[in-house]
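Chemist: mind looking at a prediction? Sequence and model below.
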Amino acid sequence: MPESKKSLATWMSGRFSKRLGLKEPVEDAGGGYGNKVGAKNPILNGALHVILLAAGSMFMLPLLWMTVTSLKPLSQTMQLPPTWIPRATLAVIDGQERVVEKQKQLEAPHAIVVLRGGHEVGQRKLLDASEIKEGKALVKYVIAGREEYEKEPVPVDIIKQCPVGFWHVTEWVPQFSEAREKAQSEIRWDCLDGKELKDVPHAFWSNYAGALQRMRQTGDDPGFFAAGFMRYLLNTLWICLLSVLGVVVSCTLVAYSFSFLNFPGRNILFGLTLTVMMVPFPATMVPLFDVFRSLGWVGTFKPLWVPAWFGGAFYIFLLRQFFLGLPRDLLDAARIDGCSELEIIWHVIVPLARPALAMIALFQFLGCWKDFMGPLLYLADRSQFTLSLGLQQFQSQQGGTPWHILMAASMMFSLPLIVLFILARKTFMQGIAMTGIKG
Amino acid sequence: MAAIESRYNGIWFVLPWIIGLGAFTLYPFAASVYYSFTDFSVLQSPQFIGLSNFREISQDEVFWQALANTFYYAALSIPAGLIVSLSLALMMNAARQGQVLYSVIFYLPHLVPATVTAILWMWMYNPEFGLLNSMLRPFFDVANEIRKSIFPAVAIAMKTDPTIAWGPPAWLSDTAWALPSLVFMALWSVGQSAFIYLAKLQDVPQEMYEAADIDGASTLQKIRYVTLPMISPIIFFNIIMGIIGAFQVFTEAFIVTKGEGGPARATTFLPLYIWDNAFRYFRMGYASAMAWILFVIILALTIIAFRLSKDRVYYAGK
């Protein structure tokens, strides 16, 4: 205990945060920084940085790969060897520069023609030049999803010659978008010289829109917040909001009581609180499910947030540690002034303990956002899924292929946490250091 | 001022926790003892059947396989996690600049939700197009070339067919590699413990190193005789947490194998099998019995760790 109190005191005095989160070390900062174990030797120091940078790049590699994949078109996710920069072919079709897909390079002279007869009169087609005889050609047309030949050659007008080596290119349409299914026949195309095609780095942001769209299923309500990514996001935010509020409110009350108030059996109860942290979840999983089932809560959000309003062992422990370091005189002064216990909590404890409360709120939010097992256990209907369950279901239904979409969805699921971390790095780092303090 | 406090006023504030502890931990914990002696499905209430569940477990091949997998996973992941996080922390502590940057870099993967970690690593491990095999393949190509052109005789002597090319493993779809792949994946999220170690390392008093310097200790000796003893409580704490965590591994294995624990049950861990029995086959009594075995194992290992640590962990102020 003395050890932990010492660390807490240092933390509160702000030294800890200065050392851990916020400032780069100054070379002779009175030995406060880590140049203790022999990095005084510049060669050793350099070697350490080389190793750390190598390890750091290995840790960053998967995240980088996730980002890169999320910006590639499907075809480039299956390219060997893999490329690190997503690229696109640009070309002018119909008077505007667009991202295009190369269909094939022509091995025989072709021509773009406009049909002057037959079922598809007025349409443009790309025909092999040898098929066109005396201004007529035998062409196929689509009927009931199948292709049939016209009975007789139809007259055609040649509007563009495409020599050998030209490319048949089509306008690029995002994979898996409704647009693609709807407008197969309306996709723009042309045949162009290779010189007219530009190969440039290009980020396919449409994958993100694709992820939003694809995580819906046919038959879902078409509204923006209907089952799908946005719905999962709302569900996750709602559950996490309730559970964070619950944890902060209940643990403050309970930890306050453990720290400053008396009741019979207080020490036994606190000992029990520490002990139950060791109970593995599988040991209570089945009866807990049974409890929620008999309450009629399975298939609702309640099992995911209601328990938070009844405290959490770890948070109670952390808050109690923090509260015990607060000056007791303030509490007594407030009591003399006639404050009730609730008023003391609100006017004295909460303002002083703000960093600790922010920390448990952050941890609870993190745990809730990431939770997979809870939603898997208690949520049945797709409209209730959280992001982590929704993403897993989407992945297991899709099998392996649409990695670009999966990675885009994964990015959108992880980024909020990374942004939160960057914004609240101080609280994070203090909190993590705190969690280790009880050792 | 203690006189102002009444003897019972605290009970109201602690009441939510008494209810929560009872309803969401203690009752389920006690109930699972009872359930483990019953035949219990969602459709019917528990029927007491004595030790039948445990007898059946002792003959359940999948259970033994799951238990072996779980031990194998723990035996790989706990030491590996300890070594990686501790060495990262030691290096960060010794490096003169950039500690903040490094700790952020190593911490970021820990922020990624397990669902994403699992899906991302399925993509990394993809045998055909995954980044890992794309990076490994050139090495295998070189090895194959050497084997084919320079040492055909060796290949024949080793009774391997040199025309069958060596290649990188199929990771998650290879029975031998699937479990180590999961361990490697877990190592990616090791940044949190590295950071805790770093925080503790910076609490080691500078005077101790100075004293060691005066005694002429080398860097390695300082690590061995000053640093490690000083941070031994947190190492021990992390080992205990590692044991508890490793025996509960669920989410990643569930997602990567779509809940099957494949290939060929190579990644069926005990929690996964408990889950299957409870919520797929609705054998909740049987699942509770296995959960209890899991709990007793974790408890036993924790006690053993405490015993072993007695003379090896240094607590300041005791």
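Modeler: Yep, that arrived.
Chemist: near the closest residue to residue B:74 other than its chain neighbours, how many other residues are there?
Modeler: Nearest residue to residue B:74, sequence neighbours excluded (CB to CB, 6 or more residues apart in numbering or on different chains): residue B:246, at 3.9 Å. (Each C-beta comes from the backbone N, C-alpha and C, glycine too.) Residue B:246 is flanked by 22 other residues according to other CB atoms under 10 Å in any protein chain shown.
Chemist: can you tell me the closest non-neighbouring residue to residue 48?
Modeler: All of this refers to chain A. Nearest non-adjacent residue to residue A:48 (CB to CB, 6+ apart): residue B:95, at 4.6 Å.
Chemist: the chain in question should be chain B.
Modeler: residue B:38 (5.4 Å).
Chemist: pull the number of nearby residues for the one you found.
Modeler: 19.
Chemist: next one: residue B:95
Modeler: Using other CB under 10 Å, residue B:95 has 24 neighbouring residues.
Chemist: my read: it touches residue B:101, true?
Modeler: No. Residue B:95 is beyond contact range of residue B:101, at 10.1 Å (criterion: CB atoms under 8 Å).
Chemist: and residue A:157, what element?
Modeler: Residue A:157 is part of strand A:154-162, with elements assigned from DSSP states H and E.
Chemist: so for residue B:155, what's the pLDDT?
Modeler: Residue B:155 is assigned a pLDDT of 63 by the prediction.
Chemist: would you list the phi and psi of residue B:284?
Modeler: phi -70, psi -30 (degrees, to the nearest 10).
Chemist: how about the one 3 residues further on?
Modeler: Geometry field for residue B:287 lists phi and psi as phi -60, psi -40, criterion degrees, to the nearest 10.
Chemist: now the residue nearest to residue B:74: phi and psi?
Modeler: Torsion angles at residue B:246 (phi, psi; degrees, to the nearest 10) stand at phi -60, psi -30.
Chemist: which residues does it contact?
Modeler: Under the criterion of CB atoms under 8 Å, 6 or more residues apart in numbering or on different chains, the neighbours of residue B:246 are B:70, B:73, B:74, B:77, B:78.
Chemist: again, only this time at 7 Å
Modeler: Residue B:246 makes contact with B:73, B:74, B:77, B:78, according to CB atoms under 7 Å, 6 or more residues apart in numbering or on different chains.
Chemist: for residue A:300, phi and psi?
Modeler: The phi/psi pair for residue A:300 (degrees, to the nearest 10) is phi -130, psi 170.
Chemist: break chain A into its domains for me.
Modeler: Per automatic domain parsing, the structural domains of chain A span A:88-204, A:229-435.
Chemist: closest to chain B out of the ones you listed?
Modeler: Checking the domains of chain A against chain B by CB to the nearest CB gives domain A:229-435 as the closest, at 2.5 Å.
Chemist: count of neighbours near residue 72?
Modeler: You didn't pick a chain, so chain A it is. 25.
Chemist: think we crossed wires, I meant chain B
Modeler: 15.
Chemist: grab the nearest non-local neighbour of it.
Modeler: residue B:179 (6.1 Å).
Chemist: chain center to whatever helix or strand the one you found lives in, what's the gap?
Modeler: Residue B:179 belongs to helix B:175-187 when elements are defined using DSSP H and E. Helix B:175-187 sits 11 Å away from the centroid of its parent chain (CA atoms, centre = their mean, to the nearest Å).
Chemist: same check, this time on stretch A:305-321
Modeler: Relative to its chain's centre, stretch A:305-321 lies at 27 Å (CA atoms, centre = their mean).
Chemist: now what about that stretch, what contacts it?
Modeler: A:4, A:8, A:239, A:242-243, A:246-247, A:250-252, A:254-255, A:258-259, A:273-274, A:276-277, A:356, A:360, A:364, A:434, B:16-17, B:19-20, B:24.
Chemist: ok, so of the contacts of residue B:246, who is nearest chain A?
Modeler: Out of those, the member with the shortest distance to chain A (by CB to the nearest CB) is residue B:74, at 12.7 Å.
Chemist: quick check: which element contains that closest one?
Modeler: helix B:61-94.
Chemist: next: residue B:288.
Modeler: Residue B:288 belongs to helix B:284-309 when assigned by DSSP H and E.
Chemist: quick one on the thing from earlier: between the domains of chain A, which has the poorest average model confidence?
Modeler: domain A:88-204 (a mean of 82).
Chemist: which intervals of chain B have sub-threshold pLDDT?
Modeler: Where chain B drops to pLDDT under 70, the residues are B:1-7, B:151-163, B:316-318.
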